[in-house]
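Enquirer: For reference, the sequence and a predicted model appear below.
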Amino acid sequence: MRKRWLFLILVVGGLAGCNHPQAGPPSSGKSQIGPGAVGSSLPDFRVTDLEGHPLSSADLHGKVVLVDFWATWCQPCKKEMPGYQKLMDRYGSRGFIAIGFKFDTMRDVVEPVRFAKKMGIRYPLAVASDEIKLKFGGIEGLPTTMLYDRKGILQWKVIGFEYTGSVESVLKQLL
């Protein structure tokens, strides 16, 4: 009886690991980290922000970058965004920048530029196209906040609302 239970545990335990994707042999000795995962690199992108200005990942080199995925209809986004602007005001001169990508999966409740001005948001905002969403690893919920260090490595990611103070404590470590 004991051998049967041990056998079952080994079989079930072995099968449980079958659902996890296996990485192929590393080409450079480093493991592959998928886009949007902590440890991944800031993806290359070029967009036009909501004010008509170009914005690209090349503009962000050497900066600590907060990337925020948001929507006009997202209540937690409305709570977070003014805090991110305060962080920009406080730490922008030290090499920090926030950028926002607006989700367009549902109709906007307010025209986005007017929404941003009403909220006091002055950092760059652009539309999160399907291509942008994929480059950042797919977005599982709103808001999604990602914080990249000066080398462009994702150090912190939160899906859902987070208090500005929590973001600031991580940000200070990266500055």
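Expert: Great, that's in hand.

Enquirer: Tell me where the chain has helices.
Expert: 2-16, 75-91, 112-119, 130-135, 164-174 (DSSP state H).

Enquirer: Would you agree Ala37 is in contact with Phe136?
Expert: No: look at Ala37 against Phe136 with Cβ atoms under 8 Å: they stay out of range, at 10.3 Å. (Glycine included, C-beta is placed from N, CA and C.)

Enquirer: So the two - more neighbours on which side?
Expert: Phe136 (22 against 11; other Cβ atoms under 10 Å).

Enquirer: pretty sure the more buried one contacts Met146?
Expert: Yes: Phe136 lies in contact with Met146 (Cβ under 8 Å); the separation is 7.0 Å.

Enquirer: shared neighbours, these two?
Expert: 36, 67 (Cβ atoms under 8 Å, 6 or more residues apart in numbering).

Enquirer: Give me the most central residue, the protein.
Expert: Met146 (3.2 Å; Cα atoms, centre = their mean).

Enquirer: Just name the shakiest helix or strand of the protein by mean pLDDT.
Expert: helix 2-16 (a mean of 34; mean pLDDT, DSSP states H and E).

Enquirer: Where does pLDDT dip in this structure?
Expert: 1-31 (pLDDT under 70).

Enquirer: that older thread, grab the nearest non-local neighbour of the residue nearest to the centre of the chain.
Expert: In space, Met146 comes closest to Val67 once its chain neighbours are excluded; the distance is 4.4 Å by Cβ to Cβ, 6 or more residues apart in numbering.

Enquirer: quick revisit: closest one to Ala58 among the helices of the chain?
Expert: Nearest to Ala58, of all those, is helix 130-135, at 14.0 Å by Cβ to Cβ.
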